[in-house]
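>>> turn this into a model:
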Amino acid sequence: MNRKIALIIGLQAFIIILMFWVIVFYGKDEYEAYSRDQQEEIETPNRVSAESGVTVVTLSPDTQKQSDITTSTPKASKHQATLTALGTVVNLDTLIELRSRYFAATADAELARASLINSQQEYKRLAKLNEDNHNISDRAVIASEALYKADQAKLAAAENAANNIRDTIRQGWGETLTLEATAQPAKPLFQGLLSYQEVLVQVTLPFSAALPKAGSTINITPTGTQTKSIVASFVSVSPTTDNSSLGKTFYYRAAADDLRAGMRIKVDLAENSHLSGVLIPKSAVVWYGGKAWVYKKIDSDHFSRQPVSADTETDDGWFNPAGVTSITAQDEIVVNGAQLLLSEEFKYQIKNENGD
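From the prediction side, this is the model:
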């Protein structure tokens, strides 16, 4: 009996020990996770807070030094304003076809003029003979006069056709290109277009833009490319508009190297005015949500994230005109370690989401 009781007690002890180790084995991961969470809460203080709707990151001077976070004031700067516009490389097929028709009409006019001179001289000769004792019949004089007047009508019709074609060119292409297209032989500008050494570009500028001066130039690049800009020279005002954009249109000519008919181009046009602002260093900018930001130092241990403009890039950073950004030349911004501050913000956001 005592042996049976001892066996039962031993079996119970074995089961208790086995259950203890099962609990230890399966509860180890939860315990370690709980310990880590407790340790993180102890070791990682909450460095982010919201003040008046603005997210503020707090870092003590010692932490800033350990993390190599440095600040600097942005340089005051001036930047020449540039105007960005669009344009199109013009297809000259229509102009060349009108030019051919114009020269054909002028050739017809020259033939009619030569025929008129002959018929006029013949009519005068026969009329004089008729006056001298009717040495020629009246019927011959009348026939000669009819031929003479027919040649007059042919010349008028040919000249009218040539003038109409010239007017059509002027309406569609302007006076300058009309003079170029109807000159024989072709002038240097038009010869360059015909030989595809140069192309004609129609540029649409805002209505507020000044009229380009003779000899003025602009820089153009094909849209969607990073190729080197091409210098284009002003030709004339364009009498037609680009249906894809609003503004005043002008013709420019440029080397044909990388340009093709129908190609869309981007225009960078320097304006006379200069803008005042600050230069934001590249090292100060962090990107979040598709926008550029910097961290402004509020006091010795507080920083707030502020938006900046990335529209005007320079070799040293981004120029921000006064009024476009709240950053001034007197503000301190983080120039090293801005990404660390952004990471602190992310931790704060993730923690709040997990807390919810």
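>>> just the local confidence number for Tyr348, please.
We have a pLDDT of 66 for Tyr348.
>>> can you check the one 4 residues further on too?
Among the per-residue scores, Asn352 holds a pLDDT of 55.
>>> also Val48?
77.
>>> from what I can see it touches Lys347, true?
Yes - look at Val48 against Lys347 with C-beta atoms under 8 Å: they come within range, at 7.3 Å. Every residue, glycine included, has its C-beta placed from N, CA and C.
>>> the two: which is more packed in?
The neighbour count for Val48 versus Lys347, taken as other C-beta atoms under 10 Å, is higher for Val48 (17 against 14).
>>> gap between that one and Ile136?
Distance, Val48 to Ile136, using C-beta to C-beta, to the nearest Å: 115 Å.
>>> what do you get for Gln12?
157 Å.
>>> more neighbours, those two?
Neighbours per residue (other C-beta under 10 Å) separate Gln12 from Ile136, with Ile136 holding more: 17 against 10.
>>> which residues sit against stretch 313-328?
The contact list for stretch 313-328 (C-beta atoms under 8 Å, 6 or more residues apart in numbering) reads 74, 77, 79, 275-282, 284-285, 292, 294, 296, 306-312, 333.
>>> do stretch 235-244 as well
So stretch 235-244 is contacted by 86-88, 170-177, 189, 200, 202, 204, 211, 248-253 (C-beta under 8 Å, 6+ apart).
>>> please list only the buried members of those residues.
The neighbour count (16 or more other C-beta atoms under 10 Å) marks 86-88, 170, 173-174, 176-177, 189, 200, 202, 204, 248-253 as buried among the contacts of stretch 235-244.
>>> tell me the domain boundaries of the chain?
48-80+275-355, 84-90+197-273, 93-188 (automatic domain parsing).
>>> and the ones you listed: which comes nearest Trp21?
domain 48-80+275-355 (32.7 Å; C-beta to C-beta).
>>> now do Arg139, the pLDDT please.
So Arg139 comes in at 87 (pLDDT).
>>> go on, Pro307?
At Pro307, pLDDT is 93.
>>> can I take it that it is in a strand?
Yes - assignment of Pro307 by DSSP: H, G, I helix; E, B strand; the rest coil places it within a strand.
>>> got any ranges where this protein has weak pLDDT?
For the chain, the stretches flagged by pLDDT under 70 are 1-2, 22, 24-46, 51-53, 81, 270-273, 348-356.
>>> in it, which strand is the longest?
In the chain, assigned by DSSP state E, the strand with the most residues is strand 264-281.
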